[in-house]
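Colleague: Show me the folded form of this:
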Amino acid sequence: MQKWRENRFGQFIHWGLASIPGGVWKGKSYLSTPESLRGPAKILRSTWDSLMYQFNPVKFNAGEWADMAKNMGVKYVTFTTKHHDGFCLWPSKYTDYDMGSTPYKRDVLKNLVDAYSAAGIDVYLYYSIIDIHHPDWRNDLKNREDTIAFERLKEFSKNQLAELLDLYPQAKGFWFDGTWDSSWKKNGQFSYELEKFLKQKRPGLIVNARMRADEYGNRYEDA
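Modeller: Residues are numbered from 1 along each chain as shown. Alright, predicted model coming up:
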């Protein structure tokens with residue numbers, strides 16, 4: 001934590017399928033963030049999911065990004081591994097909605113983690129608990145079926161997070177998002193145990209407090 005506090009200046013990079021439309025759909029610009037475009041533009045999930053087959057960043061050069069960041073004085077970077085749409089910027093063995101299914105096929109996340117780490121910049125991994133693509137995601141648990149489905153989603157999330165730690169040992173921590181829905185807040189015990197599991201797996205791991213609901217079901221509001 002002392003190193004985290006001393007870093008002070010960092011980058012926060014959102015990159016994924018939302019970068020393809022970039023906040024514009026059918027010629028119309030929307031005031032929402034590009035990652036939230038699906039709602040106001042009324043884009044069908046199947047249509048959004050199909051953007052995966054257009055994701056082919058052939059000009060991506062992680063080394064150039066890292067050099068630019070270092071020249072800016074950046075000390076840490078937080079990078080999206082998965083946003084609310086569920087698309088994974090790494091080839092995950094737990095889903096086909098990932099880099100391995102794109103025309104690019106290569107592991108964007110590994111390239112970035114390696115390049116930034118080589119430049120002496122600490123890497124933190126953004127991970128959204130909300131996963132609109134996953135069939136077991138629920139924004140609330142209204143019945144037994146919802147609860148059973150969400151148990152599978154919890155296991156899926158735990159598996160992916162463990163996978164990220166195994167694949168990218170240089171990562172210093174997780175920055176969680178999408179934890180405001182009732183389904184997650186009703187699982188405070190699980191989120192507490194998940195945080196312990198991750199820190200036991202990677203001693204010294206930093207996890208932002210909004211990942212976990214408190215004992216009253218309230219979500220922490222840190223950055």
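
Colleague: any low-confidence regions in this structure?
Modeller: For the chain, the stretches flagged by pLDDT under 70 are 214-217, 219-223.

Colleague: For it, which segments are assigned as strands?
Modeller: Remark: strands assigned in the chain by DSSP state E are 10-13, 24-25, 28-29, 76-82, 122-128, 173-177, 206-207.

Colleague: Return the residues in contact with the spatially most central residue of the chain.
Modeller: Nearest to the geometric centre of the chain sits Y127, at 2.5 Å (C-alpha atoms, centre = their mean). By C-beta atoms under 8 Å, 6 or more residues apart in numbering, the contact set of Y127 is T81, K82, Q160, L161, L164, F174, W175, F176, D177. No exception for glycine: its C-beta is placed from N, CA and C like everyone else's.

Colleague: and if we set it to 6 Å?
Modeller: Going by C-beta atoms under 6 Å, 6 or more residues apart in numbering, Y127 touches T81, K82, F174, F176.

Colleague: Tell me the spatial nearest neighbour of the last one, not counting adjacent residues.
Modeller: Across the structure, with C-beta to C-beta, 6 or more residues apart in numbering as the measure, the residue nearest F176 apart from its sequence neighbours is M211 (3.6 Å).

Colleague: Give the burial count for that neighbour, as a bare number.
Modeller: Using other C-beta atoms under 10 Å, M211 has 23 neighbouring residues.

Colleague: repeat for G16
Modeller: 23.

Colleague: For the chain, which segments count as helices?
Modeller: 2-7, 45-49, 62-72, 108-118, 144-167, 182-185, 188-201 (DSSP state H).

Colleague: Relative to G22, which of those helices is closest?
Modeller: helix 45-49 (13.6 Å; C-beta to C-beta).

Colleague: Tell me the buried residues in that closest one?
Modeller: By neighbour count with 16 or more other C-beta atoms under 10 Å, helix 45-49 contains the buried residues W48, D49.

Colleague: And for stretch 26-42?
Modeller: Y30, P34, E35, S36, L37, R38, A41.

Colleague: can you check stretch 127-141 too?
Modeller: Neighbour count says stretch 127-141 has Y127, S128, I129, I130, D131, I132, H133, H134, D136, W137, R138, L141 buried, by 16+ other C-beta under 10 Å.

Colleague: before we move on, the earlier item: so can I have a markdown table of the helices of the chain showing distance to D98?
Modeller: Formatted as a markdown table, the helices of the chain follow (distance: least, C-beta to C-beta, whole Å):
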| stretch | distance to D98 |
| --- | --- |
| helix 2-7 | 29 |
| helix 45-49 | 12 |
| helix 62-72 | 18 |
| helix 108-118 | 10 |
| helix 144-167 | 10 |
| helix 182-185 | 22 |
| helix 188-201 | 21 |
